[in-house]
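Engineer: Just to be clear, the model below is a prediction. Sequence and coordinates:
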Amino acid sequence: MKIKDSIIPVLAKIRTKWGEFGRNTSGAALLTIAMAIIPLVGFVGVGTDAARGFLVKSRLSSALDAAALAGGRSFFLATRDDDIRNFFEANFPAGYMGATLDGPIITADEDAETIHLAASATVGTSFMKIFGFDTIEVASETEVTRQMEALDVVLAIDMSGSMSYSAPGGGSRIAAARTAANELINILFGNNGTKDLLNIGLVPWNGKVNITRDGTTFDEAETVTQAIANFTNPETGAAQSEVYYVNNSPVPLLSTPPASWKGCVFSRYLDDGNANNDADTILETASVGGADWMGWQPIGPEGEPVSGGTCTLASGGNECRSCLDHGITSLQNAKATIQDAVNDLVSPTGTTNIPQGLGWAWRVLKPEAPFTEADPNPPYKRQQAIVLLTDGENYGGSGDGYKTVFGYGSSGQDDMDARLEELAANVKADGVIVYVIQFANDVESLKTLLQSVASGPNSPYYHYAPDVATLSQVFREVANHLSELRLSK
């Protein structure tokens with residue numbers, strides 16, 4: 001019997017007996033006092049039992065809420081129902097206040113992305129037994145809804161050579177990254193093949209970025225020019241009134257790429273001692289200081305490996321590293337497309353240049369040219385986020401995005417770190433949420449740097465993942481932070 005249903009008849013019985021006593025004028029004063037105590041004891045007893053029932057109900061409701069939210073966070077995982085039961089039992093331990101439990105009953109609607117939980121508990125009475133009521137039944141229910149705002153997110157995945165190393169926990173680091181990234185994708189898309197309010201892009205990076213559209217082959221014969229206002233090419237110092245567009249990228253180029261072009265470009269950076277002339281930390285094409293950055297310079301043979309020799313941008317005899325085969329996957333809302341792009345990340349090579357990955361992820365995310373897939377004026381609230389994964393410190397490389405001006409190795413690391421911090425500040429000031437995951441590398445100076453890059457120095461924005469299992473857990477946490485859970489009942 002429920003609390004309300006239990007108390008009302010008990011009170012009615014007490015009231016009836018008390019009324020009969022009041023109409024009976026026989027008996028002594030002592031008997032009168034004794035009889036007066038009986039209903040008082042009854043009221044106290046009913047209140048005590050009712051209070052126990054309300055305490056059990058309150059604890060039951062709180063446990064269901066906690067369990068529902070836990071289930072929402074693992075909604076599309078095989079562990080969902082176990083997570084629900086574990087959280088419920090942690091918050092409503094067996095035998096709590098002597099209650100006998102029924103539930104929780106779990107009802108999940110994967111299309112509506114809701115979880116409904118219900119449970120009841122039977123509590124034995126102490127005083128109400130006098131009036132024929134041996135137990136009180138309490139019940140509660142709750143519902144959680146996965147409700148995601150419009151979201152544009154770009155995954156910036158480190159593809160430097162160290163990502164081919166073994167990962168603590170088994171397999172290679174890049175294999176672990178693929179698995180973890182797919183978990184994030186599965187959580188955000190759920191069972192849907194497409195989602196109108198969700199767009200995901202991918203930027204693989206190492207010492208430089210292949211800015212072509214992934215899967216589309218460059219054809220020199222299809223390169224076209226576009227006339228623009230006169231400017232001085234910062235790379236050549238010559239007057240120019242046109243930029244170049246290739247068939248497989250929306251990025252304007254300062255010169256026509258050679259037939260052997262692999263798809264990478266240099267950062268808009270001049271090693272002239274004047275940082276005011278550099279555009280590597282800004283989003284759009286623009287005149288910066290004394291330099292007109294109307295496009296990007298394609299990396300030709302000078303920055304690519306040479307068979308039987310070394311590239312002209314080699315530092316200390318160290319050969320240039322090749323441009324990645326993997327191009328950019330721009331923002332799109334098809335689950336299979338982004339999964340295919342992630343699963344294609346199989347050939348890590350080269351050095352680590354974190355500003356390259358973050359900078360191009362920013363350009364893919366925003367609606368301004370060169371990548372314009374994002375809606376410039378969405379009629380709804382939208383989050384924009386970058387998830388950056390790296391396993392290493394900035395490391396100069398021959399033929400990298402900075403033309404080897406920072407040398408080969410760690411000698412120019414401080415300069416590269418400074419470029420990264422300035423870039424990250426601009427990205428965050430542009431309203432972008434930045435999540436950073438430091439994987440399988442516990443160097444403290446790297447942690448300090450990446451904490452400053454992220455939108456916050458701790459979870460959910462900055463994470464250290466020492467092994468494969470933690471990496472998957474971190475990507476799930478990021479995905480769940482991007483998906484708002486709310487109690488809907």
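Structural biologist: Cool, got the structure. Given the structure is predicted, the values throughout are model-derived calculations rather than measurements.
Engineer: only C-alpha atoms for contact and neighbour calcs from this point on.
Structural biologist: Will do.
Engineer: need the contact list for the residue lying closest to Gly316 once chain neighbours are set aside.
Structural biologist: Take Gly316 and drop its neighbours on the chain: the residue closest to it by C-alpha to C-alpha, 6 or more residues apart in numbering is Tyr408, 7.4 Å away. With contacts defined as C-alpha atoms under 8 Å, 6 or more residues apart in numbering, Tyr408 is in contact with 315-316, 318, 395-398.
Engineer: measure Tyr408 to Ser120 for me?
Structural biologist: 67 Å (C-alpha to C-alpha, to the nearest Å).
Engineer: Which PyMOL command selects the buried ones in the contacts of Tyr408?
Structural biologist: Restricted to buried positions by 16 or more other C-alpha atoms under 10 Å, the PyMOL selection for the contacts of Tyr408 reads:
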select buried, resi 315+318+395+396+397+398
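Engineer: Could you list the domains of this structure?
Structural biologist: The chain resolves into domains spanning 3-147, 150-216+300-487 when parsed by automatic domain parsing.
Engineer: Tell me where the model's unsure across the stretch 51-200 of the chain.
Structural biologist: Scanning the stretch 51-200 of the chain with the threshold set as pLDDT under 70 gives 127, 147-148.
Engineer: got the residue ranges for the strands in the stretch 201-350 of the chain?
Structural biologist: 224-232, 239-245, 286-288, 291-293, 329-332 (DSSP state E, counting those that start in this stretch).
Engineer: Export the ones you listed to a markdown table and append columns for distance to Arg73 and mean neighbour count.
Structural biologist: Compiled in a markdown table, the strands of the stretch 201-350 of the chain are given as follows (distance: least, C-alpha to C-alpha, whole Å; neighbours: other C-alpha atoms under 10 Å):
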| stretch | distance to Arg73 | mean neighbour count |
| --- | --- | --- |
| strand 224-232 | 49 | 12 |
| strand 239-245 | 44 | 17 |
| strand 286-288 | 43 | 14 |
| strand 291-293 | 45 | 23 |
| strand 329-332 | 24 | 22 |
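Engineer: Redo these as TSV? Include distance to Asp340 and mean pLDDT.
Structural biologist: Below are the strands of the stretch 201-350 of the chain laid out as TSV (distance: least, C-alpha to C-alpha, whole Å; pLDDT from 0 to 100):
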stretch	distance to Asp340	mean pLDDT
strand 224-232	30	98
strand 239-245	26	98
strand 286-288	34	95
strand 291-293	34	97
strand 329-332	10	98
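Engineer: Make CSV out of those strands and add distance to Ala167.
Structural biologist: Below are these laid out as CSV (distance: least, C-alpha to C-alpha, whole Å):
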stretch, distance to Ala167
strand 224-232, 44
strand 239-245, 40
strand 286-288, 42
strand 291-293, 40
strand 329-332, 26
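Engineer: Looking at those strands, spot the one closest to Thr404.
Structural biologist: strand 291-293 (19.6 Å; C-alpha to C-alpha).
Engineer: helices or strands up against that closest one?
Structural biologist: strand 224-232, strand 286-288 (3 or more C-alpha pairs under 8 Å, 6 or more residues apart in numbering; DSSP states H and E).
Engineer: Now with 7 Å, please.
Structural biologist: Here strand 291-293 touches strand 286-288, going by 3 or more C-alpha pairs under 7 Å, 6 or more residues apart in numbering; DSSP states H and E.
Engineer: Walk me through which strands the strand it packs on pairs with, and which way each runs.
Structural biologist: Strand pairing for strand 286-288, determined by DSSP bridges: strand 291-293 (antiparallel).
Engineer: Contacts for the strand it pairs with next, please.
Structural biologist: 231-234, 268, 277, 279, 285-287 (C-alpha atoms under 7 Å, 6 or more residues apart in numbering).
Engineer: so which of those residues comes closest to Met163?
Structural biologist: Once C-alpha to C-alpha is applied, the member of the contacts of strand 291-293 that ends up nearest Met163 is Arg268, at 26.5 Å.
Engineer: measure the closest one to Phe131 for me?
Structural biologist: For Arg268, the distance to Phe131 - C-alpha to C-alpha - is 86 Å.
Engineer: which of these two has more neighbours?
Structural biologist: Per other C-alpha atoms under 10 Å, whichever of Arg268 and Phe131 has more neighbours is Arg268, with 23 against 15.
Engineer: give me every residue that touches that one.
Structural biologist: Contacts of Arg268 by C-alpha under 7 Å, 6+ apart are 278-280, 293, 296.
Engineer: Go through these and single out the one with the most neighbours.
Structural biologist: Neighbour max across these (other C-alpha under 10 Å) = Trp293, 26 neighbours.
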